[in-house]
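> no sequence on hand, only this structure:
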């Protein structure tokens with residue numbers, strides 16, 4: 001009887017580490033209660049297991065959510081747990097493993113008189129792979145997964161400064177056959193990208209890890225993911241291309257120019273990547289904003305004139 005009970009608990013433990021089949025799969029950031037949505041395996045009530053769609057059609061998919069006890073990866077970002085390519089073992093040879101986030105389009109939803117202009121998706125991660133050979137990439141789909149594009153080439157994310165901490169087109173990973181993260185990150189790295197206003201019901205974001213015939217390393221680990229919707233303001237406003245900003249990136253001063261011959265005589269706001277207002281001028285007419293006190297990062301300029309508005313992103317160096 002004791003042997004049966006022991007086997008039962010071993011099976012339960014294994015099930016908890018490996019069975020990540022979601023019952024929801026939909027990241028719903030519409031009208032968030034209590035602030036931006038976080039997927040953090042170390043917080044009580046975390047929805048990682050519910051909202052991360054592990055691709056179980058791939059043989060031996062190694063993505064797991066659980067306590068990390070590996071050689072290089074010894075803990076998660078804010079605790080012992082993480083989203084990782086196997087919580088215990090090095091990644092195997094000839095492996096391809098993906099998980100997908102399905103993000104609901106809230107651009108036309110109004111929450112107490114306000115909606116959203118765009119979404120910032122930010123994640124903390126580490127990678128430990130054979131450089132240039134094995135690694136991970138991020139792809140985006142606006143048609144339900146029929147076609148995918150690498151995030152650095154995606155039309156869903158095209159504005160200057162919309163990618164932070166990413167690989168470039170020159171960083172091809174041979175096992176993936178496209179650009180991706182590869183090598184050894186040595187420490188936690190923050191990456192973020194924007195999902196622009198889009199006509200689709202949902203956007204799919206796919207994280208894929210791949211290895212060749214000779215494995216080497218702990219793989220890829222995502223510590224947490226957070227989703228920050230950027231506010232639209234009042235419902236009756238209509239989005240127009242009213243302004244341009246320069247330089248971008250900027251250091252101490254940001255210049256705002258009208259896209260027409262008409263002088264600027266409206267309201268202007270700056271928001272950080274968490275949607276927090278950091279600047280406001282309700283009678284803006286100077287064309288220049290002092291940003292010297294802002295911390296480095298991604299910001300959004302929102303200009304309102306009459307019933308029209310424009311939103312433009314920029315990087316503060």
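Looks like it came in fine. Here the structure is a predicted model, which means the values were calculated and not measured.

> ranges for the helices of this structure?
Under the criterion DSSP state H, helices of the chain are mapped to 2-18, 48-51.

> among those, which gets the worst mean confidence?
Of all the helices of the chain, helix 2-18 carries the lowest average pLDDT, namely a mean of 38.

> burial count for residue 213?
By other C-beta atoms under 10 Å, 8 other residues sit near residue 213. C-betas here are computed from N, CA, C, even on glycine.

> in this structure, which residue is closest to the centre?
residue 121 (2.8 Å; C-alpha atoms, centre = their mean).

> wait, what's in contact with it?
101, 103, 192, 193, 194, 195, 205, 225, 226, 227, 228 (C-beta atoms under 8 Å, 6 or more residues apart in numbering).

> can you tell me which of those residues is closest to residue 140?
Lowest distance from residue 140 to those (C-beta to C-beta) belongs to residue 205, with 5.7 Å.

> beta partners of the closest one?
For residue 205, the beta-bridge assignment (DSSP bridges) gives partners residue 101, residue 140.

> what do you get for residue 194?
Residue 194 forms beta bridges with residue 120, as assigned by DSSP bridges.

> neighbours of it, how many?
Neighbourhood size, residue 194 [other C-beta under 10 Å]: 23.

> what do you get for residue 283?
By other C-beta under 10 Å, the residues close to residue 283 number 9.

> give me the nearest residue to residue 42, chain neighbours excluded.
Distances taken as C-beta to C-beta, 6 or more residues apart in numbering put residue 79 closest to residue 42, at 3.0 Å, once the chain neighbours are dropped.

> and the one you found, how close does it get to residue 135?
As defined by C-beta to C-beta, to the nearest Å, residue 79 lies at a distance of 25 Å from residue 135.

> between those two, which one's more packed in?
Just comparing residue 79 and residue 135: by other C-beta under 10 Å the higher neighbour count belongs to residue 135, 29 against 15.

> sorry, back to before: thought residue 41 was touching the residue nearest to residue 42, still the case?
Yes - Residue 79 is within contact range of residue 41, at 7.5 Å (criterion: C-beta atoms under 8 Å).

> thinking again about what came up before, make a markdown table out of the contacts of residue 121 and add pLDDT.
A markdown table is the format used below for the contacts of residue 121 (pLDDT from 0 to 100):
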| residue | pLDDT |
| --- | --- |
| 101 | 94 |
| 103 | 87 |
| 192 | 87 |
| 193 | 86 |
| 194 | 80 |
| 195 | 79 |
| 205 | 94 |
| 225 | 94 |
| 226 | 87 |
| 227 | 84 |
| 228 | 75 |
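
> just the closest of the residues you listed to residue 153, please.
Closest to residue 153 out of the contacts of residue 121 is residue 193 (12.1 Å), distances taken as C-beta to C-beta.

> count of residues packed around that closest one?
As a burial measure, residue 193 scores 23 neighbours (other C-beta under 10 Å).

> residues contacting it?
Applying C-beta under 8 Å, 6+ apart, we find residue 193 in contact with 120, 121, 138, 151, 157, 162, 163, 164, 166.

> distance-wise, check residue 137 relative to residue 126.
According to C-beta to C-beta, residue 137 stands 16 Å off from residue 126.

> compare these two (neighbour count), which wins?
Just comparing residue 137 and residue 126: by other C-beta under 10 Å the higher neighbour count belongs to residue 137, 28 against 24.

> ok, and the closest non-adjacent residue to that one?
Looking at residue 137 with C-beta to C-beta, 6+ apart, the closest residue is residue 180, at 3.4 Å.

> what is the burial count for that neighbour?
Residue 180 is flanked by 29 other residues according to other C-beta under 10 Å.

> list the contacts for it?
Residue 180 makes contacts with 135, 136, 137, 138, 167, 171, 172, 173, as judged by C-beta under 8 Å, 6+ apart.
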